[in-house]
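[1] need the 3D shape of this:
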Amino acid sequence: MPRRRLQQQPDPPPGGLLDWTDSRHWSQQARPCRYCGEPTQLRDSQRKAAHKTCAEAALNQQHQDMAAAYENERLT
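    Predicted coordinates:
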C-alpha cells in the first residue's frame with residue numbers, strides 16, 4: 001500500500017482562533033508568558049499568563065503533532 005503524504009494544515013485566520021474579549025482574560029498584574037517568558041497581562045482559560053498569539057501557536061503545534069502522530073500510526 002503506498003504511503004500518502006500528510007496534508008499541511010492551513011494557518012489560522014488573521015484574527016486567530018481564540019476569543020479573549022472576556023475580561024477574565026485580563027489581569028492588572030503582568031507576569032511572564034508561559035510560552036515565551038515576556039511579560040503579559042493576559043491570562044488563558046486556566047488563568048496562567050499567556051499571550052494570545054503564543055497560546056494560538058502552541059495549540060497549532062499541538063494540532064500538527066497529533067495529526068502527524070495519527071497519520072504515522074494509521075499508515076504503519
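
[2] distance of the most centrally placed residue in the chain from residue 23?
    The centroid of the chain falls nearest to residue 59 when counting by C-alpha atoms, centre = their mean (2.2 Å). For residue 59, the distance to residue 23 equals 22 Å [C-beta to C-beta, to the nearest Å]. Quick note: C-beta positions are derived from backbone N, CA and C, even for glycine.

[3] picking that back up, residues of whichever strand or helix holds the residue nearest to the centre of the chain that come out buried?
    Secondary structure assignment for residue 59, by DSSP states H and E: helix 52-75. Using 16 or more other C-beta atoms under 10 Å as the burial criterion, the residues of helix 52-75 that qualify are 52, 54, 55, 56.

[4] I'd say the third one and residue 43 touch.
    No - under the criterion of C-beta atoms under 8 Å, residue 55 makes no contact with residue 43, lying 10.0 Å away.

[5] paired strands for the lengthiest strand in the chain, with orientation please.
    Longest strand in the chain by number of residues, with DSSP state E as the criterion: strand 26-32. With DSSP bridges as the test, strand 26-32 is paired with strand 39-42 (antiparallel).

[6] got a list of contacts for the partner strand?
    Residues outside strand 39-42 that contact it (C-beta atoms under 8 Å, 6 or more residues apart in numbering) are 20, 25-33, 49-52.

[7] mind giving me the ChimeraX command for buried ones among those?
    Those of the contacts of strand 39-42 that count as buried under 16+ other C-beta under 10 Å are selected in ChimeraX with:
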select :20,25,33,49,50,51,52
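
[8] could the contacts of strand 39-42 be laid out in CSV, adding distance to residue 69 and pLDDT?
    Formatted as CSV, the contacts of strand 39-42 follow (distance: C-beta to C-beta, whole Å; pLDDT from 0 to 100):
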residue, distance to residue 69, pLDDT
20, 28, 85
25, 30, 92
26, 35, 95
27, 34, 96
28, 40, 96
29, 37, 97
30, 36, 98
31, 32, 98
32, 30, 98
33, 26, 98
49, 29, 98
50, 24, 97
51, 26, 96
52, 26, 93
